[in-house]
Structure formats: C-alpha cells, structure tokens
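Engineer: Pasting the sequence and the predicted model now:
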Amino acid sequence: MTHLRIKVKGLVQGVGFRPFVFKLARALNLSGSVRNTSGGVVIEVAGRHVRDFLQRLRTEHPEISCIESIETESVETEGLPGHGQEGFSIVESEDDGTATPVAPDMSICDECLSELLDPSDRRHLHPFINCTNCGPRYSITRALPYDRQNTTMAGFMTCKDCSREYGDPRDRRFHAQANACNRCGPKLGFHVLNPGFEWCDSGEPVLSAVRVLKAGGIVAVKGLGGFHLACNAEDRDAVARLRERKHRPKKPFALMAPDLETIRRYCDVTEEDTLLLLSRRRPIVLLRKRSECGLPEEVAPGNRCLGFMLPYTPIHCLLFFHPPGMPNFNCLIMTSGNLSEEPIICGNEAAVERLSGIADAFLLHDRDIYTRVDDSVVRADFLIRRSRGYAPEAIPIGGNGPEVLGVGADLKNTFTLTRGPLAIPSQHIGDMENLETLKFFEETLEKLKSLYKIEPVALAHDMHPGYHSTRWAEAHPLEGLGVQHHHAHVASVMAEAGLTADVIGVALDGSGYGTDGTIWGSEFLIAGVEGFERLCHFNGIPLPGGEAAIREPWRTAAAWIQDVAGENALHYMDRIGFLDRIGEARVREVLQVAGLGEFSPRSCGAGRLFDAVAAITGMADKNTYEAEAATALESRAADGVTEGYPFTVRPSEPMTVDFSETLTSILEDLTSGADVGVISARFHNTVVAAVVKVVGMLHRLTGIRDVVVSGGVFQSLYIRERVMGRLSEDGFSVYCNRHMPPNDANISLGQAYILRERLKR
Ligand code: ZN
Ligand code: ZN
Ligand code: FE
C-alpha cells in the first residue's frame, strides 16, 4: 500500500495549521496523520481524494500561515499511514534538528472578543482568552516546536473543559497551545503604589485600574511583549504628569482608542491605514491629525501626526469595554513602560522596582513574558519600528547561503541572522548605549539562535570604532567583517529585493562612519555586494561643538549662516528674529567655536540640513529626541508647493551638492516675510530635486537603471513619495525598504546580506 508524505515549510506552527489539516483530511475522508516537526509540518495521508487535499492545502490554509514550500513523496507502507490507526489524527511533535519560523504575536480575534464580553460564555471577562487564530506566540515561546510545554503557559494545568476543547477537532481551540479559561488560566493582580489612589482598589483588578485612570492616575499595564504606561489621553494634567515623570518632554506618545470610529474623530484615516489598524499585527499607525482633533497638544507636541493603535489583547479590551455601556475611555496613552531609552520592561518585579517613580498603580498578571517585543510603528506603507506582530517572521532574501549574523548599528539596533533563503531580523532592540539594551541584545540573540537552530559562521558589523555593537563584534570569537554604514543601508534594500548586480544607492540619514574616518550621511553610491564607490555627497555644514550641535540645531544654523553669509551673518540673524530668540551673546559664543576648526567638525549628514533649516525657520531649536527638528519641519510643509530653491552640483571627486544658494534664498524669503510652511515645502522640494538630479548624472555615467533609496530621511513621507515618484517617472526602477524600516534598524540586514553574498563567492 502507498500513501503520500507531505512536508510543509513556512509559517505553519502556532497559527492553527494542524487543526486546519485535520479538518480538511476528515472532510475528504482521508486517513493518516499530521505532526509538527521543528522543520515544519509533516502530513501522512492516504485515500481517494489526496489530490483535492493537496490542492486545498495550498489555497485554503489559515489567514496568518504562510507556506514557503510543499514537498511530497510516495511512501510504501504496510498497513495504515501515520500512526497505524483508522482515520486521521494529530500526533506528538518530534524534533528533527532543522527549524521553522515561530509565529509573531497576534491580536485578539473577533470570536474571542465576543466571547470575552458575553455574560453567558464560560470565558466571560477572561483576560487571557485566545484561540488557534489569535493570541500570544513569539513572546511566550521558549523553544520549538510550538507546544504548550515549550511556552510560558507550561505552568498552568488546563482544566477539564479546556482539555476537552483542545482535543476536539470541531472546536476553535483544537490544539490551541495557550488555551485557558477563568478556572485554569493566568490571573490578574492589582497593586497601588500611590496612597492617593488606594480608594480605587475595588478588589477587581481591571475595574480598579479603570478607576485610577479615570481619576487621572498613571497605570503600568502588563501587556503582551512588555509593560505599558497608560493614562487618559484626554486628561491634559495626567499627560503632562506622565511626561514629567518619564523625563520625556516632547517625544510623541502612542495612543489606543476603543474602535476605528473614535480614531476617525481625531485623525484622517486612509483605506490603507484602516487595514493596518485592523490587521492581526495591530501596529501603531501614524495618522495625520485633524485640525479639530481636540486632544491635548502634550500628547505629541508640534507633530502633525498621531500614532494610534487598536486594543490587541483581552486586557486592553476590558480596560475599554468593561463594564458594558459606553467605552470607559475615548483614548488612552499607551507608551512603552521603560526608563527613557532603556528596553521595555517585562517582569513583574522589575516593573514595580523601576517604574515605581512613574506609575501610581500596577495591573499585573502571572503569565511570564519570555521575549520582550515593543509595539511596531507603521507610516503609510512602510515600517518605522518592526517589533510585535512582525518579529520573528523571516524575510526571503533570494538564493541560498551560509548562516551569518549582522549585529546592526548603535541607534534603533536590530540584529539579523540568515539561514538558507531567509533573513531573520530581530525585533527592535533599541539604542545600544546602555547596559540594559546590550543585555537585551545578547538575550535575544541567544533565543533566536536556539529557536531557529542557527549557528552563524561569521559576523558583520559597522565600521564605527566607537559603536558598542562594533566593540561587541570585535570581542566575539567569530571572524568579523566591517561594513560601511551607508553601504549597509543600500544593501538592506538589495536583500529585500533580491538584487545582486550594481545599483545606484542613495542613503540619506543623520550620520554614519565613513571609510575615510569622517562622518557621512548623504551618500550617492554605486554599490554591489562586493563593495561600493562614493560618487557624490552633500556638502558638509559645520557642527560647532559636535554632539552639542546635534542636540541643539540652532548652533548648526548659526554656523551655517555665518559660513554662507560671512560678514552679513549677524545682520541676517537679526532680521529673521534668530538673535532675539537665541540671544546674541550665545550666538556669538557659538560662532567663535565655529571658527575653531577642530571643535567644529563638518557633517554631510542630510539630517543636519533639515535640523538647520528647522532652526532657521524657527520651528525647532532643539532635538530632545532623534529627528525632532526634522519632524517639526516636515509637519509644517505646506501642501501644493511645487517649486524649490537653487543648489549647485560641483564636479569634484566625489561630486558634491552645495546648498549655499538654498540657504541664501531661505534667508531672503524669511526677511521678506514668506510663510514658513511654504519655505519648508520649498526646502523639501530642493532636496528631492538634488537627489533626482544626481541620480540622473550617475545614470549617464554608469548606465545603471536600478536605484535604491534608504536611510532615516526616507521616513519623511514628503521626501519618500516625491523622490520615488519622480525617479519612477524618469524611467528608473526604484527600490526602498518594504519589510524593514528605512532607518538604522535595517543596517543589520544589509550587513548580513553583504557578508552572506561574499562568503558565497
Ligand atoms: Zn481567538
Ligand atoms: Zn480551563
Ligand atoms: Fe543610518
């Protein structure tokens, strides 16, 4: 007798794949079995409708699963296939030494939500309700295969009813590994720290937390991938208090609203945004604020966008919808529970210890978070932060190759592992400057290596000798390859698009270490996997005091004005109100520093240009968080402005783009009282025009038609849309990051790709 053995690879574990196979096989009257292996799912099947089965396997698999390959072989057997039993069954998992993707964490599904709020359901108000279609995955998985004993649910014995559901193929919770109910599942706890809120403790954790929030308090809420700090976003005092306690003066807070309709009251929501907001990944989506938004300015000072997400865990749903009636809140702040730049906190004790100066009360639970994942952030069609709901999904990068590690950059760090045709980027790790983040990096690396059973043969790192990631790599026994920062940006897009031939690479960002030991940041490269040539960059502008000028762009602005206007500098600064605003003494001091070359390095980082223009136009004098000034400048750009300012491309080697005339024109515009929104738009258009012009020149020089754009500047929707649009109109094939953010989060992917391709050759 023969039967068919089917090996399915891809994202097929923890997404309801085996129950789907089971139901399909039963419906088609097949006998055999299905089992998870750490390489995927193996199905043994016999019967008249095997062909139908294969067909429907490909077309009807669960929404979240993703099939990468299906291999089949005919197997001779004595007796019945699979487990030697009549019919079809799910059998124990086995570990065969290869590995398969772990599913990302998913938001609560509609069915679970309606059960949660249904008084007659046995899971009424159960804060951990989930099923095979929804709930935690990556954050609770300790090892593969994805089975309960390999998750942080292992310690919770399922009750009789839950076990019955788990074993019943007709049930939505058939083989749901994290299945739980009010009787057997994890429990919530409530803990007040601030005595002023003790009266809120009703003995019922969610209701108590709601009371604290309604009374203007701050609650630390344990979520899926870590803690959130929550407060009522409509309560200006509460928001201001949170800012003060978190030492976060201006960086925008993320928001959560009960439903789409409420979000629409605050922001414009496109069709694309709607899909993202409702998707199982449930990212924070950056939306354009409506003019009559009504939320306090403190939520996101000076920002035209607000970051919204919908409730994604049953606990969030309870905070909004329990008790029944009107939602408890229109809008909650839900910001990462961490201390300034440290990683998000995930343990109960750590939370109470570290957040005690911020939170008035804690909403806790006893299901451990094994792996922390921050909320992901999306803007239009691209990612700003790739974390919960995305990680640890693999990205296909074409071809096959050795297993390597890219350790990433120091800001917005991620690392990337490769295996076969896949890259596995880590979730957002953070800024490497503090010890906590470095520990998080190491922990996550060990976890992903063991989950995917990857043993890298080499690693790649940035060339910056001062980066913590570089030092970590240098101390590592594996052989390391230094990859130039902007080359890595460009290569990350090549990896995503599977490009190996030379491209015109445009990398615009704040800064990155160059091969000549200076700081680069506006690079036009001819790049391949073997190397690159730097054919053009923007002209450097002075940064008096170095780092100080990055924190306070008015310093750069003053020095650049002096650079361009010479003797007339102070006169200009006076006429545009700059001297009054900053103070003449401080300006003169900075100009003196600017005169001393060694204390005033020049930077060709594109981000610094945006900084300077933001300060010159009076929109932002400081960067209290990364790209604050540039964001403020983009936020004010007027719609419908098409013209730009003059600039010059100088035929040096490498070529440079000189924006001196741009600055003179901006100063002229300002002194003649032009609208700063129009000036902002004109400046943006100038940068777009410069990119298009240089790319055109490089094309004439090399004949290359593939253009890659990357780097933090492309987080600007204004720049991104126009650069890509105009280059496409000019007949170029333009590529940008699709699976990774354009910012430094993609550096690790680029590093890994370059190393992997070189090892292959
Ligand atoms: Zn569900
Ligand atoms: Zn139960
Ligand atoms: Fe960068």
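Structural biologist: Nice, I can see it. Ligands and ions are numbered 1, 2, ... in the order given.
Engineer: how does the protein divide into domains?
Structural biologist: 2-90, 188-365, 541-735 (automatic domain parsing).
Engineer: mean confidence for the longest one?
Structural biologist: Averaged across domain 541-735, pLDDT comes to 95.
Engineer: picking that back up, dump the domains of the chain into TSV; add distance to residue 504 and mean neighbour count as well.
Structural biologist: Quick note: C-beta positions are derived from backbone N, CA and C, even for glycine. Rendered in TSV, the data for these read as follows (distance: least, C-beta to C-beta, whole Å; neighbours: other C-beta atoms under 10 Å):
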stretch	distance to residue 504	mean neighbour count
domain 2-90	31	18
domain 188-365	28	19
domain 541-735	5	19
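Engineer: nearest to residue 108, of those domains?
Structural biologist: Smallest distance to residue 108 across the domains of the chain (C-beta to C-beta): 5.5 Å, for domain 188-365.
Engineer: start to end distance for that closest one?
Structural biologist: 4 Å (C-alpha to C-alpha, to the nearest Å).
Engineer: Run the chain-centre distance for that domain.
Structural biologist: Domain 188-365 has its C-alpha centroid displaced from the chain centroid by 19 Å (C-alpha atoms, centre = their mean, to the nearest Å).
Engineer: Quick one: mean pLDDT for that domain?
Structural biologist: 95.
Engineer: Same check on stretch 9-24?
Structural biologist: On average, stretch 9-24 scores 85.
Engineer: now do stretch 148-160
Structural biologist: 95.
Engineer: What residues does the protein have near ligand 2?
Structural biologist: Counting by C-beta under 5 Å from the ion, the chain comes close to ligand 2 at 159, 162, 181, 183, 184.
Engineer: at 8 Å what do you get?
Structural biologist: By C-beta under 8 Å from the ion, the residues of the chain that approach ligand 2 are 158-163, 179-185.
Engineer: Farthest pair within those?
Structural biologist: 163 and 182 (15.1 Å).
Engineer: So the two - more neighbours on which side?
Structural biologist: Neighbours were counted for residue 163 and for residue 182 using other C-beta atoms under 10 Å; residue 182 has more, 16 against 13.
Engineer: which residues touch that one?
Structural biologist: Applying C-beta atoms under 8 Å, 6 or more residues apart in numbering, we find residue 182 in contact with 122, 123, 124, 125, 126.
Engineer: what's the residue in the stretch 501-650 of the chain that ligand 2 sits nearest to sitting at in phi/psi?
Structural biologist: Closest to ligand 2 within the stretch 501-650 of the chain is residue 625: 44.3 Å, counting by C-beta to the ion. Dihedral pair for residue 625: phi -140, psi 160, per degrees, to the nearest 10.
Engineer: same deal with the one 10 residues further on?
Structural biologist: In terms of degrees, to the nearest 10, the main-chain angles of residue 635 are phi -60, psi -30.
Engineer: Leaving out chain neighbours, which residue sits closest to it?
Structural biologist: Here the nearest residue to residue 635 in space, its sequence neighbours aside, is residue 304; by C-beta to C-beta, 6 or more residues apart in numbering that works out to 3.7 Å.
Engineer: ok, the one you found to residue 683 distance?
Structural biologist: 16 Å (C-beta to C-beta, to the nearest Å).
Engineer: Going by neighbour count, which of the residues of the chain next to ligand 2 are buried?
Structural biologist: 158, 159, 162, 179, 180, 181, 182, 184, 185 (16 or more other C-beta atoms under 10 Å).
Engineer: For the fifth one, which three-state class applies?
Structural biologist: Reduced to three states with DSSP: H, G, I helix; E, B strand; the rest coil, the structure at residue 180 is coil.
Engineer: now it: how far from ligand 3?
Structural biologist: 43 Å (C-beta to the ion, to the nearest Å).
Engineer: got it, and the last one?
Structural biologist: From residue 185 across to ligand 3, the span is 44 Å (C-beta to the ion).
Engineer: starting at the chain centroid, how far to the helix or strand containing residue 700?
Structural biologist: In this assignment (DSSP states H and E), residue 700 forms part of helix 676-702. Distance of helix 676-702 from its chain centroid, counting by C-alpha atoms, centre = their mean, is 28 Å.
Engineer: Downstream of that helix, the next helix or strand is which one?
Structural biologist: strand 706-710.
Engineer: Could you export that next one as PDB, CA atoms only?
Structural biologist: Output of strand 706-710 as PDB, limited to C-alpha atoms (Å, rounded to 0.1, in the frame of the first residue of the first chain):
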ATOM      1  CA  ASP A 706      18.200  50.300 -10.600                       C
ATOM      2  CA  VAL A 707      18.000  52.900  -7.900                       C
ATOM      3  CA  VAL A 708      17.900  52.000  -4.200                       C
ATOM      4  CA  VAL A 709      16.900  54.600  -1.500                       C
ATOM      5  CA  SER A 710      17.300  54.100   2.200                       C
END
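Engineer: Renumber starting at 40 from here on
Structural biologist: Fine by me, first position is 40 from now on; the one you just mentioned is strand 745-749.
Engineer: and the angle for that strand with helix 715-741?
Structural biologist: 140 degrees (axes from the mean of the first three to the mean of the last three C-alpha atoms, to 10 degrees).
Engineer: how much space is there between the residue of the stretch 540-689 of the chain closest to ligand 2 and residue 442?
Structural biologist: For residue 664 relative to residue 442 (C-beta to C-beta), the value is 36 Å.
Engineer: same deal with residue 768?
Structural biologist: As judged by C-beta to C-beta, residue 768 and residue 442 stand 41 Å apart.
Engineer: Which positions in this protein make contact with ligand 1?
Structural biologist: Counting by C-beta under 8 Å from the ion, the chain sits next to ligand 1 at 147-152, 168-174, 211.
Engineer: redo that, cut-off 5 Å
Structural biologist: Neighbours of ligand 1 within the chain, by C-beta under 5 Å from the ion: 148, 151, 170, 172, 173.
Engineer: Point me to the residue of the stretch 240-389 of the chain nearest ligand 1.
Structural biologist: In the stretch 240-389 of the chain, the residue that lies nearest ligand 1 is residue 353 (9.4 Å; C-beta to the ion).
Engineer: ok, residue 520 - contacts?
Structural biologist: Residue 520 makes contact with 497, 498, 499, 500, 790, 793, 794, 797 under the criterion C-beta under 8 Å, 6+ apart.
Engineer: So which residues on this structure come close to ligand 3?
Structural biologist: 548, 551, 783.
Engineer: Which residues are in contact with the last one?
Structural biologist: If a contact means C-beta under 8 Å, 6+ apart, then residue 783 has 447, 448, 449, 450, 451, 452, 548, 751 as its contacts.
Engineer: Likewise for the second one?
Structural biologist: With contact set as C-beta under 8 Å, 6+ apart, residue 551 has these partners: 448, 501, 503, 523, 524, 525, 528, 558, 559, 560, 644.
Engineer: one more time with 7 Å
Structural biologist: Residue 551 is in contact with 524, 525, 559, 560, counting by C-beta atoms under 7 Å, 6 or more residues apart in numbering.
Engineer: Touching, the first one and residue 550? I think so.
Structural biologist: I take that to be residue 524. No - look at residue 524 against residue 550 with C-beta atoms under 7 Å: they stay out of range, at 8.2 Å.
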